[in-house]
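> no FASTA, just this:
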């Protein structure tokens, strides 16, 4: 698998996704709930997942694909090449705001990150990167994010976890420069890549984190479970993704009795 | 006072502010704290307030000016023409994110709204309006925002108030489609004008709310204290700004024992 070709393919698929999503937004969007009243899916999510899955299958027929909207079979081991697809991340924002949503692709090989890409559709801003690549915004290299203590950084956070102070996340947010809640994991990871947030804590599915964790591997972003254990890309769970100093403080706070 | 001239003046001053702020961002920014570690002011805030105050004084020498950064004398009554100036709203975002901040001007006459303008500097998006004007985004008329029940709208909220569940705001956020925390009153009011948020609740200064309340007067946005009383533009306080259905539910929830 050639990394340069892979990156060009992924970036191209996201650009094509954007064109199709913008076209779909000119017609009424059909919205359904999934696990609860605030967990939405639309015809646009489904169509874009179908498009991305077809594109991946054509270029990488041997790859496994794990996607949010269930057109692909669930991946049950991480051997070989695996694509994680989030066709619209932040579907509530897509429905209510028509902004602040992302398309994400994360590529892994034998469980190790290879490449990640997050597209802010309405801003037309694409961040990309990987463990052997510098992070880029629309192709331009980004400086590595700073590594301040938690008190000097803004913290992206899950709304419900923050409000319930689950694992002391509300208190941790108050100890930072401020909590920011966007409703889209993609927007939060993109902000980390751009140095706008020092970290992000939320309950995430594998397709919510795969792209951001792959890009962050290029600049020292630490992604773990709250107990410090490794992320399991086969199951959902709470994710602590932060630059090293803030990550250490977040874990200390979240592990307190 | 001619409204068309006033609107053209205000819009022009904000465009000029943007040019100056973008130029100032190419040099190091000098940051100081005000009332606490997360209450910041920079040389850019101060310079832009000076510019806006000078522009207002030249065009409307009889007007009173209330501004965030204290170059103007405090206004102690609302008679006559009053300009509320927020030279950079969301200074923490300006410092940490270099995005997600606003310049705001709100114009009142004898305590009644006349015109408001909110400029998202980095997106170069200006929303404007007033009680006798339709709301506009970069000059294009915006549809009136919908008036859904709270459960069907996203709620902009103060981070600390939400986390502390002050006046039940955390619970109210959980009852909505989701909390969104941006760290800038200007960004929240702009989102309301664009129909992206159903409301916003925070502890605000007069210059934080003046522009948004003036624009909202054109499409039925309800702005009150949590007890339902009128906003006092001479003092800070908790503000509940929302479309009518959500506003009524927010007040019921916030007044509960």
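Here it is on my side, so go on. Note that the coordinates shown come from a computational prediction; the quantities given were computed from them, not determined experimentally.
> hey, let's count contacts and neighbours off CA atoms from now on
Fine.
> phi and psi next, for residue A:102.
With angles defined as degrees, to the nearest 10, residue A:102 shows backbone torsions of phi -130, psi 160.
> pretty sure it sits against residue A:189.
No. In this structure, residue A:102 is not within contact of residue A:189 by C-alpha atoms under 8 Å, at 10.4 Å.
> which of those two has more residues huddled nearby?
residue A:102 (31 against 28; other C-alpha atoms under 10 Å in any protein chain shown).
> what's opposite the more buried one in the beta bridge?
residue A:89, residue A:120 (DSSP bridges).
> C-terminal to the helix or strand hosting residue A:117, what's the next element?
Take DSSP states H and E as the rule and residue A:117 turns out to sit in strand A:112-120. Counting by DSSP H and E, the element after strand A:112-120 in chain order, helix or strand, is strand A:125-130.
> only the buried residues of that following strand, if you could.
Neighbour-count burial for strand A:125-130 flags A:126-130 (criterion: 16 or more other C-alpha atoms under 10 Å in any protein chain shown).
> partner strands of that strand, parallel or antiparallel?
strand A:112-120 (antiparallel), strand A:133-137 (antiparallel).
> and the next element down the chain from the last one?
Moving toward the C-terminus from strand A:133-137, the next helix or strand (DSSP H and E) is strand A:140-141.
> contacts for that next one next, please.
Around strand A:140-141, the neighbours that count as contacts under C-alpha atoms under 8 Å, 6 or more residues apart in numbering or on different chains are A:134-135.
> number of residues surrounding residue A:222?
For residue A:222, using other C-alpha under 10 Å, the count is 20.
> right, and the strands paired with strand A:125-130 - which one's nearest residue B:178?
Nearest to residue B:178, of all the strands paired with strand A:125-130, is strand A:112-120, at 19.8 Å by C-alpha to C-alpha.
> what residues does that closest one touch?
Counting by C-alpha under 8 Å, 6+ apart, residues outside strand A:112-120 touching it are A:3, A:7, A:10-11, A:14, A:100-108, A:125-132, A:186-187, A:190, A:210-215, A:217.
> now with 6 Å?
A:102-108, A:125-130, A:211, A:214-215 (C-alpha atoms under 6 Å, 6 or more residues apart in numbering or on different chains).
> residue B:136: which of the residues you listed is nearest?
The nearest one, if we look at the contacts of strand A:112-120 relative to residue B:136 and count by C-alpha to C-alpha, is residue A:125, at 24.6 Å.
> contact residues of chain A facing chain B?
Within chain A, the positions lying close to chain B (C-alpha under 6 Å from any C-alpha of the partner chain) are A:96-97, A:163, A:170, A:180-182, A:196.
> how about those in a markdown table, adding neighbour count, secondary structure and pLDDT?
Formatted as a markdown table, the residues of chain A next to chain B follow (neighbours: other C-alpha atoms under 10 Å in any protein chain shown; DSSP: H, G, I helix; E, B strand; the rest coil; pLDDT from 0 to 100):
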| residue | neighbour count | secondary structure | pLDDT |
| --- | --- | --- | --- |
| A:96 | 17 | helix | 96 |
| A:97 | 18 | coil | 97 |
| A:163 | 26 | helix | 97 |
| A:170 | 24 | helix | 98 |
| A:180 | 23 | strand | 98 |
| A:181 | 26 | strand | 98 |
| A:182 | 22 | coil | 98 |
| A:196 | 24 | coil | 98 |
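> cool, thanks, signing off.
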